[in-house]
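J.: need a structure here:
(chains A and B)
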Amino acid sequence: MAGSWTVDRFPQFEAAIRRLTEQHRELVDEPLHLAVSYLPATRDQQHIFLFEVIGDPGESINPERDLFEAIFETSPGFPMGPNEQLHLILTNPRELEIALREGWSLASEVVNAFRAGDYEVLYKDEIGKRVLDKLEAEARRHEDARG
Amino acid sequence: MDEPTAWLYQAMADRQAAERFVADEVGTGRCHAIAKWQQTVEKAVKALVSALHDAGILGAGVLPRHAVERYIRALISLPRAAGNRTIQQNLHGLLDQNTRAGIRALDGLAPQRPPRRNTEYPFQDAQGQWTYPAAEGVFSQDEVQQFRALAHRVLDGAGRIVSAIRRRPS
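T.: This is a model prediction of the structure:
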């Protein structure tokens, strides 16, 4: 799976999403722990999703009980067609732990994409590895629950 | 550290200070906590302005004035452009009508002339009697909860939007 999903599913975005992830690694005030490209089954299949777990200094928890999502359209650094969009889903390790425990909507989308194998890890550091373990465990738990 | 981060960090420090004031059960710290939440909100809004300025979306950056209302007006009327649409939506979501009303109420408690109920200086109440912000009953527990929730919402939301602005492909 690793290294091939983005090329197979979104060859037109492969270089741009890797470049963007590299740019995000340079944001030292908000260190990037984990970056995953994925595609939720229930969303527009022409859109690409980038899930990032970052070192948010406030480690804030969204009182509205969902992860933060920003949607971007075409730009010189990330060219896209008229029906294509980049969805950026942002969280921090503490918030993600709560989101997984409470089944927040966007966190569940990520887990479901993991379960379906519709994802690729673009970057992970030591904290990111632990977060990834939790996401994979959660995906297995969902799979087991389905029987 | 960049300027938006510096504003966010100071806003976080203000919010922490507010929590220390509000831990006082007698209630004399409520006025100080509310003043700190006002500063939290002001700095969170300035972090947004600074990040949008750095990204080239907003022409003017943070100026040496308090004027939170003015910044909010600028934030909810960003120049329309394809690349800004999501940021506009996020800003409208954060600075919805209730939140804007809350921010106006919080700003209205800053000292002003003629003196009326505020968070710093003695003033005359509705009956013309002199009182002071730390006096019992000047600020209710409900107001404390309301302003605390407002400050948390604005700071956390601003932090997320600043993160997204930094990460937008350009």
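J.: around chain A, pick out the residues from chain B.
T.: Residues of chain B lying near chain A by Cβ under 8 Å from any Cβ of the partner chain: B:1-2, B:5, B:8-9, B:12, B:82-83, B:85-87, B:89-90, B:149, B:152-153, B:155-156, B:159-161, B:163-164, B:166-170. Every C-beta, even on glycine, is put in place using the N, C-alpha and C of the backbone.
J.: report the mean confidence score over the helix or strand where residue B:150 lies.
T.: In this assignment (DSSP states H and E), residue B:150 forms part of helix B:141-167. Mean pLDDT, helix B:141-167: 94.
J.: what helices or strands is it leaning on?
T.: helix A:14-25, strand A:68-72, strand A:86-91, helix B:3-22, helix B:30-54, helix B:85-94, helix B:97-107 (3 or more Cβ pairs under 8 Å, 6 or more residues apart in numbering or on different chains; DSSP states H and E).
J.: and the residues of chain B next to chain A, which of them are buried?
T.: Using 16 or more other Cβ atoms under 10 Å in any protein chain shown as the burial test, the residues of chain B next to chain A include B:2, B:5, B:8-9, B:12, B:83, B:86-87, B:90, B:152-153, B:155-156, B:159-161, B:163-164, B:166-169 as buried.
J.: would you turn the helices and strands packed on helix B:141-167 into JSON lines with mean pLDDT and distance to residue A:43?
T.: Shown next, in JSON lines, are these (pLDDT from 0 to 100; distance: least, Cβ to Cβ, whole Å):
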{"stretch": "helix A:14-25", "mean pLDDT": "94", "distance to residue A:43": "16"}
{"stretch": "strand A:68-72", "mean pLDDT": "91", "distance to residue A:43": "11"}
{"stretch": "strand A:86-91", "mean pLDDT": "94", "distance to residue A:43": "8"}
{"stretch": "helix B:3-22", "mean pLDDT": "94", "distance to residue A:43": "30"}
{"stretch": "helix B:30-54", "mean pLDDT": "94", "distance to residue A:43": "27"}
{"stretch": "helix B:85-94", "mean pLDDT": "88", "distance to residue A:43": "15"}
{"stretch": "helix B:97-107", "mean pLDDT": "94", "distance to residue A:43": "28"}
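J.: buried ones in stretch A:57-74, by neighbour count?
T.: A:58, A:60, A:61, A:62, A:67, A:68, A:69, A:70, A:71, A:72, A:73, A:74.
J.: again, but for stretch B:61-81
T.: In stretch B:61-81, counting by 16+ other Cβ under 10 Å, buried: B:62, B:68, B:71, B:72, B:74, B:75, B:78.
J.: near chain B, which residues of chain A?
T.: A:16, A:20, A:23-24, A:27, A:29-30, A:52, A:54, A:56-58, A:60-63, A:68, A:70-78, A:86, A:88, A:90.
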